[in-house]
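Colleague: Sequence and computational prediction follow.
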Amino acid sequence: MSDVFDLVRRDGPLLISAPHVGTYIPDEIAARLTPPGRALVDTDWYADRLYPFADEFGASVLRARWSRYVVDLNRDPSGASLYPGARTTGLVATETFEGEPLYAPGDEPSDDEVAVRRALCFDPYHDALAAELRRIIAAHGYALLLDAHSIWGRLPLLFDGDLPQLNLGTNSGCSCDPTITEAVVGAIAGSPYTHVVDGRFKGGWITRRYGMPAEGVQAIQIEIDQRTYLADGSRTDWDDAKAARLSAVLRAACAAMLAVLPAPRPVVGRQQT
């Protein structure tokens, strides 16, 4: 068990990663944050809870415990932008998605502090993610990685107007086989939710780093408009009824993905940590 992440291992070929659901911030960092930072406004609130069927599918789940404001687990650690020319945040964010500063001027983390945060949180999460993919490939011959995200659906600094409700990212078709994308689109096309493939969000560092179909890893990011499952008028409160409707569609999408993959080799027993 790690204080950086939670990992539940199961015996199927699907791994669900939720790198932005964590809310823990060490006191020494929290003391330096501005009010929007302490409110954790850019958290992917409860994105992992939208997949309550994970056990049914034998899916492993890896979720972050620490906030993305400590270090962002879905950014290129080299500092390279995932969306050149578009506004975005880096490995250690210094502003919110709405342009509000996270630190007082001059109090932003230094390069040395960024390196410490990377070693503390980023590297352990990615070590665990890579190890799980190797384990799954050893058992099945392939792995399906679903990177689970959510975001507030109206952020003028990041995109115009309202974001589609379900945003599928495949790194422009490089991170997974087209049959998987087509299966997901087919599963959600008849739902009440709008969707797009490789629109504003094409998949972050996790999708791009690990999605290598030729090496057995099929990766897709699902970015969800939080208004589809949070209570009306709230940016943090879970709505049971709305979430249940959305989860039913996500379940169908996951079932469709798994259906187009080869039948997994049998594995004896389930192991959880």
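Modeller: Perfect, I can see it now. Residues are numbered from 1 along each chain as shown.

Colleague: Just the buried positions in stretch 2-15, please.
Modeller: Residues of stretch 2-15 classed as buried: 4, 5, 6, 7, 8, 10, 11, 12, 13, 14, 15 (neighbour count, 16 or more other CB atoms under 10 Å). Heads up, the C-betas are built off the backbone N, CA and C, glycines and all.

Colleague: scratch that, stretch 186-202
Modeller: By neighbour count, with 16+ other CB under 10 Å as the criterion, the buried positions of stretch 186-202 are 187, 188, 191, 193, 195, 196, 197, 198, 200, 201, 202.

Colleague: And the helices in this protein?
Modeller: Applying DSSP state H to the chain gives helices spanning 27-30, 35-38, 111-117, 123-140, 178-188, 205-210, 240-259.

Colleague: circling back: could you single out the nearest of the buried residues of stretch 2-15 to residue 66?
Modeller: Using CB to CB, residue 4 comes nearest to residue 66 of the buried residues of stretch 2-15, at 5.8 Å.

Colleague: any idea how far residue 46 is from the closest one?
Modeller: 19 Å (CB to CB, to the nearest Å).

Colleague: beta partners of the closest residue to residue 176 other than its chain neighbours?
Modeller: Nearest residue to residue 176, sequence neighbours excluded (CB to CB, 6 or more residues apart in numbering): residue 218, at 4.2 Å. Under DSSP bridges, the beta-bridge partners of residue 218 are residue 144.

Colleague: Just confirm residue 218 contacts residue 178, I think it does.
Modeller: No - contact between residue 218 and residue 178 fails when scored by CB atoms under 8 Å: they sit 10.7 Å apart.

Colleague: More neighbours: which of those two?
Modeller: Using other CB atoms under 10 Å, the more surrounded residue of residue 218 and residue 178 is residue 218, with 25 against 10.

Colleague: For that one, give me its contacts.
Modeller: With contacts defined as CB atoms under 8 Å, 6 or more residues apart in numbering, residue 218 is in contact with 142, 143, 144, 145, 175, 176, 177, 180, 211, 261.

Colleague: residues touching the third one, list them.
Modeller: Right, the one you point to is residue 144. Taking CB under 8 Å, 6+ apart as the test, what residue 144 contacts is 13, 14, 15, 180, 218, 219, 257, 258, 261.

Colleague: Format these as CSV; extra columns: pLDDT and distance to residue 97.
Modeller: What follows is these, written out as CSV (pLDDT from 0 to 100; distance: CB to CB, whole Å):
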residue, pLDDT, distance to residue 97
13, 97, 33
14, 98, 29
15, 98, 27
180, 96, 28
218, 97, 29
219, 98, 23
257, 96, 28
258, 96, 32
261, 80, 34
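
Colleague: wait, what's in contact with residue 224?
Modeller: 47, 50, 149, 150, 151, 165, 166, 167, 246.

Colleague: Run a quick neighbour tally on the last one.
Modeller: Around residue 246 sit 22 other residues, with neighbours defined as other CB under 10 Å.

Colleague: Just the buried residues of stretch 102-110, please?
Modeller: 102, 103, 108, 109.

Colleague: Can you check the pLDDT for residue 272?
Modeller: Here, the pLDDT recorded for residue 272 equals 40.

Colleague: Over to residue 2?
Modeller: Per the predicted model, pLDDT is 76 at residue 2.

Colleague: switch to numbering from 702
Modeller: Happy to do that; since the first residue is 702 now, the last one works out to residue 703.
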